[in-house]
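A.B. asks: Structure of the sequence below:
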Amino acid sequence: MLGGLLSSALIPAVSWADAGSPSFLSAARHADGRYYLHGLSDRGDSLFHLALPVRGHAAAAHPTRPEAVAFARRPGTFAIVLDCATGSETARLTAPEGRHFYGHGAFTAAGDLLLTTENDYEAARGVIGLWETAGYRRIGEVPSGGVGPHEIVRTDAGFAVANGGIETHPEAGRTKLNLPTMQPNLTYLGPDGHIVDQVELPPDHRLNSIRHIAYAAGRVAMGMQWQGQGGAPALVAYHERDAGTVVFAPGSDAGALKGYTGSVAISGDGTRIATTHP
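C.D. replies: I've put the predicted structure just below:
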């Protein structure tokens, strides 16, 4: 028995290096119409690609294991856990009755929990699902602090959640049900997933749905999608918890960007934001 334990201890742990040490994960559709999850280098080269059964939206990377959770786009109710070193599916998450995923999730720094953005659509409120990563068992949920939580990212002090503010229901398809009253916000969660702070957008940005976010050096970068008519305010901004107000990027008005911001990234020093647009 002791010899067996010593032998097993000598086996090196599988890491992201075994999957090519990707810098990014991205869902894509190939020319043949099939969907895949790609691991990309910092130059954009594909290091691996794994087949997905349906269109994916985003994926969460485990902090140490070469493992990714790929989420179906809203209103999908499942997510696939993939071993990125072997290409095998190791588990599948199913949203509880009355919930669906929004396409994003984030791991704790230790990798023992996965937090997922979800819609409690009968109550028209956002929730954050909590999943143990040893077997991916759901252990509960906490409020997201708003309606329509889209992306969640890990911060130095916990997590940040982009509550987009838009109420939807699977029976209504992708119809937006609450535009006259929508109010997006950025919510901060502590390490245990409970709300510790929130910031709302100013009144003239009420129809700017916060969708994708990124975090570095104490700043949360935000990309928004304009739900109003005609001209619109800026779609790109950042927030520092201690500073209070949201700072909008000049030149990122909805007219120039066609009202839509997709993915968001922020440099390690927090001084530069990159976004995608039509």
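A.B. asks: what about residue 151, distance to residue 119?
C.D. replies: Here the distance between residue 151 and residue 119 works out to 14 Å (C-beta to C-beta, to the nearest Å). To be clear about C-beta, it is placed using only N, CA and C from the backbone, and glycine gets the same treatment.
A.B. asks: Any stretches of the chain with poor pLDDT?
C.D. replies: Across the chain, residues meeting the criterion (pLDDT under 70) sit at 1-12, 231.
A.B. asks: need the helices for it, in chain order.
C.D. replies: All helices of the chain, identified by DSSP state H, fall at 2-9.
A.B. asks: Next, show the common contact partners of residue 151 and residue 119.
C.D. replies: Jointly contacting residue 151 and residue 119 under the rule C-beta atoms under 8 Å, 6 or more residues apart in numbering are residue 102.
A.B. asks: Buried residues, stretch 36-50. List them.
C.D. replies: 36-40, 48, 50 (16 or more other C-beta atoms under 10 Å).
A.B. asks: pretty sure residue 183 is touching residue 166, no?
C.D. replies: No: because the distance of 10.2 Å does not satisfy C-beta atoms under 8 Å, residue 183 is recorded as not touching residue 166.
A.B. asks: how close does residue 181 get to residue 147?
C.D. replies: Looking at residue 181 against residue 147, where the rule is C-beta to C-beta, the gap reads 9 Å.
A.B. asks: okay, those two: which has more neighbours?
C.D. replies: Set side by side, residue 181 and residue 147 give different neighbour counts by other C-beta atoms under 10 Å, the larger being at residue 147 (25 against 10).
A.B. asks: tell me the contacts of the more buried one?
C.D. replies: By C-beta under 8 Å, 6+ apart, the residues touching residue 147 are 124-126, 163-167, 178, 182-183.
A.B. asks: when you check these against the strands, which ones overlap?
C.D. replies: 125-126, 163 (DSSP state E).
A.B. asks: Which of these sits closest to residue 59?
C.D. replies: Compare each of the ones in strands among the contacts of residue 147 with residue 59 using C-beta to C-beta and the shortest gap goes to residue 126, at 20.3 Å.
A.B. asks: Could you measure from the closest one over to residue 167?
C.D. replies: Counting by C-beta to C-beta, the gap between residue 126 and residue 167 amounts to 10 Å.
A.B. asks: Give me the common contacts of these two.
C.D. replies: Where contact means C-beta under 8 Å, 6+ apart, the residues bridging residue 126 and residue 167 through contact with each are 147-148.
A.B. asks: The two - which one has more neighbours?
C.D. replies: For residue 126 and residue 167, the more surrounded residue by other C-beta under 10 Å is residue 126, and the numbers stand at 26 against 20.
A.B. asks: can you tell me which residues contact the closest residue to that one other than its chain neighbours?
C.D. replies: In space, residue 126 comes closest to residue 144 once its chain neighbours are excluded; the distance is 3.4 Å by C-beta to C-beta, 6 or more residues apart in numbering. For residue 144, the set of contacting residues under the criterion of C-beta under 8 Å, 6+ apart consists of 117-118, 125-128, 161, 163, 187.
A.B. asks: Apply 7 Å and report the result again.
C.D. replies: Contact analysis of residue 144 by C-beta atoms under 7 Å, 6 or more residues apart in numbering lists 117, 126-128, 161, 163, 187.
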